[in-house]
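this one's structure only:
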């Protein structure tokens, strides 16, 4: 497929900023226009099939990540999902967090008064987690699978190892910088709670996300609400406590429909194709950046890595990249770049050319 035809922004920029926002395809734009045209033509009649439509989206999310339908909740974004989850937990829980993780992960935990311990993301973070769970007495591990600032990644297989060592540990993972980059099997992952927004690597625009809960995790939430009778209205007859907490009110068919269309597009393209293309380009980029000493040594020492890189470049060189129509972002100590399946070796070469000419 000619991705420059499908994603018009690629005709204007060397787009290396998916870690900030994914881009919309022509086919999704066409679908969104037809969706709103139907709303314009039918008014309230447009919503008559919204229940079955939302169930279709839920089913496709479930299939895409190998989860059960009842495990999946559709949410406007990952931050809302995580906050709702935390409000349902007993306050006696003790959290293990990563330093410099996404603020939407760490702040909601500490601001609610949960006991928390931090560890660093470096070459031996996994060993630190295993050790600190025991010494701190952590009952919850909450972290981003891929760190937003530098792309440092936890191998999903690690969570299975951790779960075998600490079966009662609640493992909560933000997948926003991960979902859409490779296949993910929630049912067989050692993860209890997994949540993500759709606007980055899922290429679904804003206003949509999802949360997946294992039954053991769901059973711990909102115990205090079980004393209250559920609403008796017929249109809520199929809703349980967690449905009413995570999915209160109407769900937007435009935003969740966009997520649905993106999933269908990725399935048609093939997740094997997407995953292999990303991994190959990320490997080439990592080697090129390492040979130029552009990576933080503590992060580059990690065996597992993502297609996100924070390059140790000056503000002046960052401006040069922007002036050369390279879409990237100043983040932390350097400049963050990211490679999705629509990127090419030419994109990497263009980036390296500008860097080499100005260092």
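The structure has been received and is ready for your questions. What you see is a predicted model; the values in this text were computed from it and never measured.

ok, now how distant is residue 109 from residue 212?
According to C-beta to C-beta, to the nearest Å, residue 109 and residue 212 sit 19 Å apart. No exception for glycine: its C-beta is placed from N, CA and C like everyone else's.

what about the two, which has more around it?
Legend: neighbour count by other C-beta atoms under 10 Å for residue 109 and residue 212, higher for residue 212 (27 against 22).

state the mean pLDDT of the strand or helix carrying that one.
Secondary-structure assignment from DSSP states H and E places residue 212 in strand 209-213. Averaging pLDDT along strand 209-213 gives 98.

immediately after that strand, which helix or strand?
Moving toward the C-terminus from strand 209-213, the next helix or strand (DSSP H and E) is helix 215-218.

in whichever helix or strand comes after that next one, what counts as buried?
Counting by DSSP H and E, the next helix or strand C-terminal to helix 215-218 is helix 241-246. Judged by neighbour count using 16 or more other C-beta atoms under 10 Å, the buried positions of helix 241-246 are 241-242, 245-246.

that's a strand at residue 95, yeah?
Yes. Assessed by DSSP: H, G, I helix; E, B strand; the rest coil, residue 95 belongs to a strand.

low-confidence regions, the stretch 201-350 of the chain specifically.
Residues of the stretch 201-350 of the chain that meet the criterion pLDDT under 70 lie in 232, 234-237.

now do the helices in it.
Using DSSP state H, counting those that start in this stretch, the helices assigned to the stretch 201-350 of the chain run over residues 215-218, 241-246, 253-269, 271-291, 297-300, 315-323, 345-358.

quick check: residue 334 touching residue 315?
No. Shown here, residue 334 and residue 315 do not form a contact pair, counting by C-beta atoms under 8 Å, at 9.9 Å.

more neighbours: the two, which one.
Each of residue 334 and residue 315 has its neighbours counted (other C-beta under 10 Å); residue 334 has more, 21 against 10.

residue closest to the middle of this protein?
The chain has residue 176 as the residue nearest its centroid, 1.1 Å off, counting by C-alpha atoms, centre = their mean.

show me this protein divided up by domain.
Listed by automatic domain parsing, the domain ranges of the chain are 3-26+270-358, 29-267.

just to revisit the earlier point, for residue 208, find the nearest of the helices of the stretch 201-350 of the chain.
Of all the helices of the stretch 201-350 of the chain, it is helix 253-269 that lies closest to residue 208, at 4.3 Å by C-beta to C-beta.

packing partners of that closest one?
In terms of contacts (3 or more C-beta pairs under 8 Å, 6 or more residues apart in numbering; DSSP states H and E), helix 253-269 is packed against helix 26-42, helix 50-64.

same list (the ones you listed) but as TSV, adding mean neighbour count and distance to residue 74.
Output for the helices and strands packed on helix 253-269, formatted as TSV (neighbours: other C-beta atoms under 10 Å; distance: least, C-beta to C-beta, whole Å):
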stretch	mean neighbour count	distance to residue 74
helix 26-42	13	16
helix 50-64	17	6
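
so can I have a markdown table of those helices showing distance to residue 267 and mean pLDDT?
Below are those laid out as a markdown table (distance: least, C-beta to C-beta, whole Å; pLDDT from 0 to 100):
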| stretch | distance to residue 267 | mean pLDDT |
| --- | --- | --- |
| helix 26-42 | 13 | 95 |
| helix 50-64 | 7 | 95 |
